[in-house]
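**Student:** Structure for the following, please:
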Amino acid sequence: MAVQQLHTVEELEQFVQGSGKRLLFKHSTRCPISAKAHEESRICKRNGYPGGRGVGH
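**Tutor:** Below is the predicted model of the structure:
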């Protein structure tokens, strides 16, 4: 799964209109839950877990 950062409303609209399965993650640098989810998603990507299964369980 490719990670793509969105910076504008136009980029978000293009992302939403795309085809296939998509995951939208809004990362907050001030939220500890968001920080943990971001860390786990990076681990999933690095380890090749499909859809993030197996992390934190």
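**Student:** Show me what the one helix or strand Glu13 maps to is in contact with.
**Tutor:** Secondary structure from DSSP states H and E places Glu13 in helix 9-17. Counting contacts by C-beta atoms under 8 Å, 6 or more residues apart in numbering, the residues outside helix 9-17 that touch it are 4, 6, 22, 24. (Glycine included, C-beta is placed from N, CA and C.)
**Student:** Farthest-apart pair in the residues you listed, please.
**Tutor:** The most widely separated members of the contacts of helix 9-17, counting by C-beta to C-beta, are Leu6 and Arg22 (11.2 Å).
**Student:** And the residue nearest the centre of the chain, how far from Cys44?
**Tutor:** Taking C-alpha atoms, centre = their mean, the centroid of the chain lies closest to Phe25, which sits 4.4 Å from it. Using C-beta to C-beta, to the nearest Å, Phe25 is found at 11 Å from Cys44.
**Student:** Give the buried residues for the helix or strand of the chain with the lowest mean pLDDT.
**Tutor:** Every helix and strand of the chain was ranked by mean pLDDT, DSSP states H and E. The lowest is helix 32-47, at a mean of 85. By neighbour count, with 16 or more other C-beta atoms under 10 Å as the criterion, the buried positions of helix 32-47 are 37, 41, 44.
**Student:** from what I can see the second one touches Phe25, true?
**Tutor:** Yes. With contact defined as C-beta atoms under 8 Å, Ser41 and Phe25 form a contacting pair (6.6 Å).
**Student:** For the helix holding Glu13, the averaged confidence score.
**Tutor:** For helix 9-17, mean pLDDT rounds to 92.
**Student:** before we move on, the earlier item: quick one, which of Leu6 and Arg22 is more surrounded?
**Tutor:** Higher neighbour count among Leu6 and Arg22: Leu6, with 14 against 10, using other C-beta atoms under 10 Å.
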